[in-house]
Every structure is written in structure tokens, then in C-alpha cells.
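Asks: from the sequence below, what's the structure:
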Amino acid sequence: MTLAQRVDPYMGFRFLVEIQGLIVAGFTEVTGLQAETEFEEIKEGGVNDHIHKLPKLTKYPNITLKRGITDSDVLWKWHQEVVSGHFKRKDGFIVLLDSVGDEKWRWFFSDAYPVKWTGPDLKTDSSTVAVETLELAHNGIRKA
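Replies: Modelled structure (predicted):
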């Protein structure tokens with residue numbers, strides 16, 4: 001393989017988050033892009049060299065979004081709608097970009113709503129960015 005044919009992996013620090021078609025900028029971290037399929041082990045009589053593993057339910061952990069707090073309170077308001085019991089589930093995307101900013105991967109998450117909001121740690125002896133965290137329950141992810 002020549003150097004021109006080399007394909008490097010994408011870096012994990014260039015990404016966007018879209019919720020209901022709006023790009024929600026400034027996220028510093030996204031975690032929870034995961035799918036885990038449970039399985040059932042079946043022992044078959046007379047078969048002694050292996051156990052059959054059959055798929056069951058697939059689970060998706062919550063997606064956690066972290067970003068520096070700005071003047072935009074869209075995420076706070078969405079969580080407060082859940083607290084009051086009057087909210088809409090929203091679909092969204094997490095988009096991975098390459099080094100020049102072109103879209104390379106896109107994961108779709110469906111029917112999401114906030115289940116946890118965490119504000120920043122405020123300390124007079126620190127100069128770090130004030131970060132808010134929003135945790136979303138959802139009904140699954142897939143590559144879009």
C-alpha cells in the first residue's frame with residue numbers, strides 16, 4: 001500500500017449535534033453511542049463442543065451531551081418541559097466530520113428526551129469553562 005492509498009481513522013474531536021434539524025453547536029463531548037444485544041444461551045442435547053447463543057433484546061444507553069454554557073437556554077428549557085410533564089420527544093443526529101469539516105459518519109437517534117441536566121461546578125479558584133451536561137433517553141441509534 002502506498003502512502004497515497006493510506007486511510008487514517010477520523011479524529012473524535014470534530015463533530016456536530018443536530019436536534020430536530022437544528023445544529024446545536026459547542027458540544028465538547030458526546031458519549032453513549034452504543035448498542036448492546038443481549039443473548040440467550042441454549043444447550044443442545046448431544047452437542048458438547050459449544051453452546052448456541054441466540055440474540056434477544058438490543059439495549060441503547062442514554063446519550064450524554066456536554067457543552068460550555070452560553071446564552072442559549074434551549075437545552076435547559078427542553079429539560080424543564082420534561083419536568084413539567086409537557087414535552088415533545090425529538091429526533092437527532094450526531095455527525096462526525098473529517099479534518100477539513102466534511103461529514104463522514106452520521107448516527108440517527110430517535111424519540112429522545114432529557115432525563116438529566118447537570119449544571120457546571122462553580123469555583124472561584126478555577127478558570128475552566130462552565131459546562132452543562134444533558135442526558136437523553138432515546139429509542140435507539142442507527143447509522144444514517
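Asks: every contact and neighbour count from this point should use C-alpha atoms.
Replies: Fine.
Asks: now do the contacts for Phe15.
Replies: Residues in contact with Phe15 (C-alpha atoms under 8 Å, 6 or more residues apart in numbering) are Ile94, Val95, Leu96, Leu97.
Asks: again, only this time at 6 Å
Replies: Going by C-alpha atoms under 6 Å, 6 or more residues apart in numbering, Phe15 touches Val95, Leu96, Leu97.
Asks: was I right about Ile42 contacting His52?
Replies: Yes. Using C-alpha atoms under 6 Å, Ile42 makes contact with His52 at a distance of 5.0 Å.
Asks: next step: the contacts of Phe15 restricted to strands.
Replies: Judged by DSSP state E, those include Val95, Leu96, Leu97 as members of strands.
Asks: pick out the residue closest to the middle of the protein.
Replies: Ile63 (3.8 Å; C-alpha atoms, centre = their mean).
Asks: quick one: it and Pro55, what's the gap?
Replies: 23 Å (C-alpha to C-alpha, to the nearest Å).
Asks: what's the weakest-modelled helix or strand in the chain?
Replies: Least confident helix or strand, the chain: strand 22-23 with a mean of 69, by mean pLDDT, DSSP states H and E.
Asks: ranges for the helices of the protein?
Replies: Assigned helices in the chain, in chain order: 74-84 (criterion: DSSP state H).
Asks: point out where it drops to low pLDDT.
Replies: Where the chain drops to pLDDT under 70, the residues are 1-4, 6, 22-26.
Asks: which parts of it are strands?
Replies: Counting by DSSP E, the strands of the chain are 15-19, 22-23, 27-31, 36-42, 52-59, 63-68, 90-97, 103-118, 131-137, 141-143.
Asks: understood, closing this out.
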